[in-house]
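Q: I would like the atomic coordinates for the input below:
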Amino acid sequence: MGGKHFTIPCTLSRNGYGVRSSALVDTGANGFAFINRSFATELSKFLSIKPVRIPNSLSIQGYDGKQATTVSYALILHLTIDTRRQTSLPFYILDLGTHDIILGLRWMEYFNIWLNPRQKRLIWPEKEDKIAPPSLHREIIAERQAISSRDIHATHQRDVYARDTALEHEDIRRQAGRQIKALTLRTYAQDLNDSLRKMEQELRGVTKHPTQSRTRRTTSQNNLLTIDIA
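A: A predicted model of the protein is given here:
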């Protein structure tokens with residue numbers, strides 16, 4: 001994507017959050033708006049949005065006219081640039097090298113924007129009917145570097161892993177303790193029920209024995225009375 005171009009500060013936002021970055025305004029880019037793949041990934045996580053599949057894939061060509069890649073997804077974002085707010089713009093996701101954002105010729109045509117390369121500024125039309133009014137909701141804005149992926153130090157990673165492992169072992173130990181305690185409680189309850197059952201059976205047995213003894217004695221006495229000794 002060649003041609004005369006320059007970068008200008010801008011903010012991409014959605015869902016009450018935004019990220020400051022810079023856009024390459026390129027008259028040689030015969031497209032609308034593009035966002036670098038790595039930046040799109042970081043931005044999606046920060047803004048809690050997902051890429052959308054475009055109805056018709058785009059074939060993107062390099063500066064030499066050769067086909068470079070096919071674009072199938074885009075991020076729908078609000079763009080604030082030069083204090084102007086443009087809402088729900090499609091930013092096509094592809095590899096842009098060192099640039100986060102490229103605003104192409106069709107973006108300039110749609111908003112009727114001209115470039116002033118000498119002063120490095122955008123020239124806006126007198127009638128800005130395609131510019132959205134300022135947002136009524138305050139947005140939380142972060143710097144570009146704040147959402148960038150950082151390399152994790154090996155020592156810090158080992159410390160985090162050791163901490164997580166220790167916490168996991170502690171959870172297992174506590175869970176095992178709760179299971180043993182529950183098993184102990186169940187065994188005690190069973191033993192108690194068994195003891196009560198045995199006591200009840202023994203008491204029933206004690207109650208029956210005297211009756212049986214009296215019956216035997218009565219029977220024996222009756223038998224003696226009926227014996228004829230004459």
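Q: Output the below-cut-off pLDDT ranges for this protein.
A: Per-residue confidence for the chain (pLDDT under 70) gives these ranges: 1-5, 62-68, 149-165, 167-168, 177-193, 195, 200, 202, 204-230.
Q: Which residue ranges of it form helices?
A: With helices called from DSSP state H, the chain shows them at 37-47, 105-111, 154-226.
Q: isn't Leu47 right next to Phe39, touching?
A: No: counting by C-beta atoms under 8 Å, Leu47 does not reach Phe39; the two are 11.6 Å apart. C-betas here are computed from N, CA, C, even on glycine.
Q: Contact partners for the nearest residue to Trp124 once chain neighbours are set aside?
A: Nearest residue to Trp124 in three dimensions, chain neighbours excluded: Ile113, at 6.2 Å (C-beta to C-beta, 6 or more residues apart in numbering). Going by C-beta atoms under 8 Å, 6 or more residues apart in numbering, Ile113 touches 107, 122-125.
Q: Walk me through the domains of this structure.
A: Here the domain parsing of the chain from automatic domain parsing is 5-147, 154-215.
Q: Tell me which of these is the most buried.
A: With neighbours taken as mean count of other C-beta atoms under 10 Å, the domains of the chain reach their highest mean count in domain 5-147, at a mean of 16.
Q: And the residue lying closest to Asn36 once chain neighbours are set aside, how far from Leu103?
A: Spatial nearest neighbour of Asn36, chain neighbours left out: Leu96 (4.1 Å); criterion: C-beta to C-beta, 6+ apart. Distance check for Leu96 against Leu103: by C-beta to C-beta, to the nearest Å, it reads 12 Å.
Q: same check, this time on Glu170
A: 53 Å.
Q: Next: Ser13.
A: Remark: distance between Ser13 and Leu103 (C-beta to C-beta) = 16 Å.
Q: for Arg118, same thing?
A: 19 Å.
Q: so the longest strand along the chain versus helix 37-47, what angle?
A: Determined from DSSP state E, the single longest strand within the chain is strand 67-81. In terms of direction (axes from the mean of the first three to the mean of the last three C-alpha atoms, to 10 degrees), strand 67-81 departs from helix 37-47 by 40 degrees.
Q: and strand 67-81, which strands flank it?
A: For strand 67-81, the pairing partners within the sheet under DSSP bridges are strand 5-14 (antiparallel), strand 52-61 (antiparallel), strand 84-94 (antiparallel).
Q: Quick one: residues in contact with it.
A: Outside strand 67-81, the residues within contact range by C-beta under 8 Å, 6+ apart are 8-14, 18, 23, 33, 35, 40, 43-44, 47, 49, 51-54, 57-62, 85-95, 122, 132, 135.
Q: For it, list the C-alpha coordinates in PDB.
A: What follows is strand 67-81, C-alpha atoms only, in PDB (Å, rounded to 0.1, in the frame of the first residue of the first chain):
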ATOM      1  CA  GLN A  67      -2.700 -10.900  -4.400                       C
ATOM      2  CA  ALA A  68      -1.500 -11.000  -0.800                       C
ATOM      3  CA  THR A  69      -4.300 -12.300   1.400                       C
ATOM      4  CA  THR A  70      -8.100 -12.700   1.700                       C
ATOM      5  CA  VAL A  71     -10.000 -10.800   4.400                       C
ATOM      6  CA  SER A  72     -13.100 -12.500   5.900                       C
ATOM      7  CA  TYR A  73     -13.500 -10.800   9.300                       C
ATOM      8  CA  ALA A  74     -13.900  -7.200  10.600                       C
ATOM      9  CA  LEU A  75     -14.300  -5.400  13.900                       C
ATOM     10  CA  ILE A  76     -17.100  -2.900  14.200                       C
ATOM     11  CA  LEU A  77     -15.600   0.100  16.100                       C
ATOM     12  CA  HIS A  78     -16.200   3.700  16.900                       C
ATOM     13  CA  LEU A  79     -13.400   6.000  15.600                       C
ATOM     14  CA  THR A  80     -12.600   9.300  17.200                       C
ATOM     15  CA  ILE A  81     -10.200  11.400  15.100                       C
END
